[in-house]
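Participant: Any chance you could fold what I've pasted below:
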Amino acid sequence: MPSSFSKTKLPYAAAGAGALVATYAGVRAYKSRLQDKYDDGIDLNNQSVEIDPVEHIRRCTYYKDIDIYSYYKTIYSNVQTLGDILYSGYSSSKNGPCVTNVDLSNKTSSLQWLSYSMVLEKTRYIGSHLWTDVQLVPTQSKVAIISLNRSEYSFVEHACYMYGFIIVALYTSYDATTVLSILDRTDAEVLVVDDIQRIEPYKSQLLQNSRIKEILVMDDVANNEHEKIKTIPRVLKSMQQADVRPLPRFEPDLIATLILTSGTTGEPKLAMLTHTNILATVKGVLDRRQRGNLNPTSNHRHCSFLPLAHLYERIVLIINFIQGSQVAYCPIPERLFEYYAIIKPTGSSTVPRILNKVYDTIMTEVNKSKVKRFLINQALHNDKPSLFSRLIFRKVRNLFGGELTVMVTGSAPITHDVLHFFRIALDIPIIEAYGQTESTASATTTHAIDRSCGMVGSPVAVVDIKLIDVPGTNYRSENNQGEVCIRGPCVFKGYYGDEKKTRETIDEDGWLHTGDVGEWTPTGALRIIDRTKHIFKLNQGEYIAPERLEDVYVRSRWVSQIFVDGISTESTIVGIVIPDEEYVRQNYSNKSSIEDLCRDDKLKEIIFNDLKRLAKEYKFKYYETLSNIHLHPEAFSQENGLITSTLKTRRTAVRQYFRNTIQSLYDLGDQTAKTILPELQSKL
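Facilitator: Modelled structure (predicted):
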């Protein structure tokens, strides 16, 4: 996963050297190029409009007069269910290249692409096998998949879309207990895995489970395996055109997939998404991109490395397939930049965590030299083209393959400095997207010509958005702040087997309550400023949004992970810090165990001072500045139950685990707080 990239030992560390460099001009020239190539007609000072003055419902100004429940159907009108996606790609690309698996062990060989017709054939064979041989029931039977990123995943996924089977996507990080529990909860009848070794610890339990009709393995396995175990290579070899079943007809409002939510505040839930939900999102995104001249074409290459169990990557793949683009699968995300060098993608879907790692590595090198720092600052902030304009950031562009034309980032906020750096360095539009599983990843996106930072843009074509008051806080809709609520054809059916949670999430008027706190800016763009379930109050009445602070504090090179928390009887916040062991050993000491290092008062002081530096740099209020920290040697992980499968902190679990430690930080930090708070307050 991207989180495993080291802050210090990166294959691209050389990008921070003096030749780190290339853009074709300064900020003004960048702005002009964006305007010339990607102007979508939006008024950046009026990006959304209020269509209901009572409930303060907003839409993007493009869509203020449309029917959001029918407009998306006019886009790719021939695609009515997800089973039509690959046929659309076949037509758009004129049967061009569709997918390839990338093998890093043989970097000299050229990529071997399968055409859209070849992919369609394999997909129909697998779907027919599941219907005829396994006797699955269209619109009812469920197929679970657990696999790294590879083309066979998409063969199975689209076979299920075509024949009406319901996909249950599982993360490769799940342990045996979790997998078996989800299979039981969903009544899955088929389990598809990439490698038989993946299920070895619980294979006997699967084989004894009478509900599981087949285990379908992407790799070939020995002939002496159990009769329940089949392989995709042998299924494909045994099938003929005469065996292909006609596609069943079914309504697009039927469930296409069950997606597990992150579970940051409790056990993961299974969100039910229909064909309509997913197509509404895909077509809404395509409409926005079409307006900005950003739609992928048959020559577009996408590098698939984000987990396919996550809705983000699956939506991205469908957007590529519907338009006949090319997808290369990269199963080892830790080696992402090796894949980029081979694939040379023209578009990238990424997450801030990856960009942060690259940026931090580069800037560490840059800051070692006043000359380098001057050159970088000139390139980032000089309005006029400079003599260095053809040198600056060349290695950064090459790092991403050298042929990117657009980048989309989502799943977490990205800071101003990182976003601005990559916009100039890569010389391409970088778009931020906001949504959640329950809205099928739909809500807002930024416009390509908008160079502002900190916003997530205006509503897409398939949503209405309103902000509602958050009880017990100062967030009020009358002040253009409140919990983000979404309505439209992208809103999910509900949670599988959990009507109570469904009613808590979707109200009687069809509004999805996201739990995110947003704010409409004066330009009509949305800014996400908080999370309702994670807010806590300090004794002076100030509300703390811990995730926003953590996004800054984790930027310290000394820090691998951080958890910010507070107690309502106190006036400041404290933090649990997981040091970046590799960086600590390189820059402080490599003679002690990580446990001993975490007990080292001098190291604690160094890290604490760096965190206070960041608080000052980002102009945090005194109550947002850490008053004490605890160094902990063990990372938050899925194994210890402190992060989710999507790498988000399980805040309730972490708070409970460190309850006594957090209390002790206040006991130990009283004197420190007394000395630093007056100084901080005097500067407010």
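Participant: Point out where the stretch 101-250 of the chain drops to low pLDDT.
Facilitator: 108, 223-224 (pLDDT under 70).
Participant: Which residue ranges of it form helices?
Facilitator: 116-132, 151-163, 176-186, 203-208, 232-238 (DSSP state H, counting those that start in this stretch).
Participant: For Val244, which of the ones you listed is the nearest?
Facilitator: helix 116-132 (5.0 Å; C-beta to C-beta). All C-beta atoms are positioned from the backbone trio N, CA, C, and that covers glycine.
Participant: Would you mind listing the buried residues in the closest one?
Facilitator: 116, 119-131 (16 or more other C-beta atoms under 10 Å).
Participant: can you give me the helices for the stretch 501-650 of the chain?
Facilitator: 546-553, 581-587, 594-598, 601-617.
Participant: so which of these is the most packed in?
Facilitator: Of all the helices of the stretch 501-650 of the chain, helix 546-553 carries the top mean neighbour count, a mean of 20, counting by mean count of other C-beta atoms under 10 Å.
Participant: Serialize the helices of the stretch 101-250 of the chain to CSV and add fields for distance to Glu365.
Facilitator: Output for the helices of the stretch 101-250 of the chain, formatted as CSV (distance: least, C-beta to C-beta, whole Å):
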stretch, distance to Glu365
helix 116-132, 43
helix 151-163, 37
helix 176-186, 41
helix 203-208, 48
helix 232-238, 45
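Participant: what sits against the closest residue to Pro233 other than its chain neighbours?
Facilitator: Leaving aside its sequence neighbours, Pro233 sits nearest to Asp220 (C-beta to C-beta, 6 or more residues apart in numbering; 4.9 Å). Counting by C-beta atoms under 8 Å, 6 or more residues apart in numbering, Asp220 touches Thr231, Pro233, Arg234.
Participant: hmm, back to that, now the buried residues of helix 116-132 in TSV, with distance to Leu258?
Facilitator: Listed next are the buried residues of helix 116-132 as TSV, based on distance: C-beta to C-beta, whole Å:
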residue	distance to Leu258
Tyr116	27
Val119	24
Leu120	25
Glu121	27
Lys122	24
Thr123	20
Arg124	23
Tyr125	24
Ile126	19
Gly127	18
Ser128	23
His129	22
Leu130	17
Trp131	20
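Participant: re the thing from before, now for the contacts of Asp220, which sits with the most neighbours around it?
Facilitator: Neighbour counts for those, by other C-beta atoms under 10 Å, peak at Thr231, which reaches 18 neighbours.
Participant: you'd agree that one is up against Val217?
Facilitator: Yes - at 4.8 Å, Thr231 and Val217 qualify as touching, with contact defined as C-beta atoms under 8 Å.
Participant: For Thr139, find the nearest of the helices of the stretch 101-250 of the chain.
Facilitator: By C-beta to C-beta (comparing all of the helices of the stretch 101-250 of the chain), the closest turns out to be helix 151-163, at 9.3 Å.
Participant: okay, the angle between that closest one and helix 116-132?
Facilitator: Counting by axes from the mean of the first three to the mean of the last three C-alpha atoms, to 10 degrees, helix 151-163 lies at 60 degrees to helix 116-132.
Participant: Export helix 151-163 to CSV, keeping only CA atoms.
Facilitator: Below are the C-alpha coordinates for helix 151-163, written out as CSV (Å, rounded to 0.1, in the frame of the first residue of the first chain):
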residue,chain,number,x,y,z
SER,A,151,-6.4,-7.9,-15.4
GLU,A,152,-8.2,-11.1,-14.2
TYR,A,153,-9.9,-9.1,-11.5
SER,A,154,-11.6,-6.9,-14.2
PHE,A,155,-12.6,-10.0,-16.2
VAL,A,156,-14.4,-11.4,-13.2
GLU,A,157,-15.9,-8.1,-12.1
HIS,A,158,-17.3,-7.3,-15.5
ALA,A,159,-18.5,-10.9,-16.0
CYS,A,160,-20.6,-10.3,-12.9
TYR,A,161,-21.9,-7.0,-14.2
MET,A,162,-22.9,-8.5,-17.5
TYR,A,163,-24.7,-11.6,-16.0
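Participant: Tell me which other helices or strands it touches.
Facilitator: Contacts defined by 3 or more C-beta pairs under 8 Å, 6 or more residues apart in numbering; DSSP states H and E place helix 151-163 against helix 85-93, strand 97-101, helix 116-132, strand 142-146, strand 166-170, helix 232-238, helix 311-322, strand 326-329.
Participant: now it against helix 85-93, angle please.
Facilitator: 110 degrees.
Participant: List the contacts of Arg150.
Facilitator: Contacts of Arg150 by C-beta under 8 Å, 6+ apart are Asn101, Asp194, Met218, Tyr329, Pro331.
Participant: wait, what's in contact with the closest residue to Val143 other than its chain neighbours?
Facilitator: Spatial nearest neighbour of Val143, excluding adjacent residues (C-beta to C-beta, 6+ apart): Val190 at 4.5 Å. With contact set as C-beta under 8 Å, 6+ apart, Val190 has these partners: Leu130, Val134, Leu136, Ser141, Lys142, Val143, Ala144, Ile212, Lys213, Glu214, Ile215, Leu216.
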